[in-house]
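Enquirer: Here is a sequence with its predicted model. Questions after.
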Amino acid sequence: LSVQLLGVGDAQLLVRLSEVDHLFEHDPADHRPSPVATSDAAGFLADPAVRFWLATSGGEPVGMLHCVVISLFEAGGGRELLLYDLGTHVAHRRRGVARALVDAMEQHVESEGISEVWLGAARTAVEFYRACGYGSSDELFMAKELGSGAGQTFR
């Protein structure tokens, strides 16, 4: 298993992931691949707020972790990290892939001076995050889809 933080030069790896990304969903049968162009992948990876890790095995993507750095508006500044998406290929679950991604992310962002990570966990992932040392607070993450999907609720 290899875990790496992707940069602009790794756009082709992200394109490859996008060709099989439906296999990283909780229920892969309910999703289809969503391929992206190399230019879109490079643009995404060029965003200074994006941190994206890819786990591979035998050269094939088996896990991914997408985070966003958030600058704080407070005295002295500061930054936090929002763990936006974590996925493991359906054929590689329960083999330590997600844990390896979280460990790599934590080591990297700590070296950047980021000391707090936030996430909204699906019910099926709560125990995993607890095992990684994450706790819950009284706060609740909520979402609203804007535009054509307005009115959709998230659970």
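Expert: Nice, I can see it. Just so it is clear, the model here is predicted, and its values are computed rather than measured. Residues are numbered from 1 along each chain as shown.

Enquirer: tell me what the lengthiest helix in the chain is packed against?
Expert: If you go by DSSP state H, the chain has its longest helix at helix 97-111. The contact analysis (3 or more Cβ pairs under 8 Å, 6 or more residues apart in numbering; DSSP states H and E) places helix 97-111 against strand 2-5, strand 50-57, strand 60-71, strand 79-88, strand 117-119. All C-beta spots, glycine's among them, are computed from the backbone N, C-alpha and C.

Enquirer: Give the buried residues for the longest one.
Expert: Judged by neighbour count (16 or more other Cβ atoms under 10 Å), strand 60-71 contains these buried residues: 61-69.

Enquirer: Out of these, which two are the most distant from each other?
Expert: Val62 and Val69 (24.7 Å; Cβ to Cβ).

Enquirer: Leaving out chain neighbours, which residue sits closest to the residue nearest in space to the middle of the chain?
Expert: Nearest residue to the geometric centre of the chain (Cα atoms, centre = their mean): His66, 2.4 Å. Counting by Cβ to Cβ, 6 or more residues apart in numbering, His66 lies nearest to Asp85, which is 4.3 Å off, once chain neighbours are set aside.

Enquirer: is it true that that neighbour touches Trp53?
Expert: No: taking contacts as Cβ atoms under 8 Å, Asp85 lies outside contact range of Trp53: 10.9 Å.

Enquirer: Among the two, which residue is more densely surrounded?
Expert: Between Asp85 and Trp53, Trp53 has the larger neighbour count (other Cβ atoms under 10 Å), namely 20 against 13.

Enquirer: wait, that one sits on Val3?
Expert: Yes: using Cβ under 8 Å, Trp53 is in contact with Val3, at 5.8 Å.
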